[in-house]
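K.L.:
Here is my input; please provide its structure:
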Amino acid sequence: MRSLNYQIFLRKEREGGYTVIVPSLPGCVTYGETVDEAIAMAREAVEIYIEELREKGEEIPTEEGLLEYTLTVKAHT
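P.N.:
Modelled structure (predicted):
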């Protein structure tokens, strides 16, 4: 068994809590009331996502070769 690393993004919601997305796993989205809970929920969601891919015989995406960059643009607001 090998370890896989996935980048996650947590977005603070106006009504409270955090939505978490896993960009490398399309549709892998979860939620937690606190940062710690959101991270725990993300771990569980990723594990389930990977298990479902494995059961279907599909390729498990990795982030090997992924480059991260933050793009800044000017916008009239």
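K.L.:
residue ranges for the strands of this protein, please.
P.N.:
In the chain, the strands defined using DSSP state E lie at 9-12, 18-21, 29-32.
K.L.:
Name every strand pairing with the first one and say which way it goes.
P.N.:
Which is strand 9-12. strand 18-21 (antiparallel) (DSSP bridges).
K.L.:
Give me the average confidence score over the strand it pairs with.
P.N.:
Average pLDDT, strand 18-21: 98.
K.L.:
CA atoms of it as CSV?
P.N.:
Taking Å, rounded to 0.1, in the frame of the first residue of the first chain, the C-alpha atoms of strand 18-21 are listed here in CSV:
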residue,chain,number,x,y,z
TYR,A,18,-16.1,24.9,5.8
THR,A,19,-16.7,23.4,2.4
VAL,A,20,-13.8,21.3,1.2
ILE,A,21,-13.0,20.4,-2.4
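K.L.:
mind listing what's buried in that strand?
P.N.:
Tyr18, Val20, Ile21 (16 or more other CB atoms under 10 Å). C-beta coordinates here come from the backbone N, C-alpha and C atoms, glycine included.
K.L.:
What of stretch 59-77?
P.N.:
Buried, per 16+ other CB under 10 Å, within stretch 59-77: Pro61.
K.L.:
now what about it, what contacts it?
P.N.:
Identification of contacts with stretch 59-77 by CB atoms under 8 Å, 6 or more residues apart in numbering yields Leu4, Asn5, Tyr6, Gln7, Ser24, Leu25, Ile50, Leu53, Arg54.
K.L.:
Number of residues surrounding the third one?
P.N.:
One way to gauge burial is a neighbour count; for Tyr6, by other CB atoms under 10 Å, it gives 18.
K.L.:
and what of the fourth one?
P.N.:
When neighbours are counted by other CB under 10 Å, Gln7 registers 11.
K.L.:
check contacts around it.
P.N.:
Counted by CB under 8 Å, 6+ apart, Gln7 has contacts Val22, Pro23, Ser24, Glu63, Leu66, Glu68.
K.L.:
Any chance of the backbone angles for the last one?
P.N.:
This means Glu68. Here is the backbone geometry of Glu68 (degrees, to the nearest 10): phi -110, psi 140.
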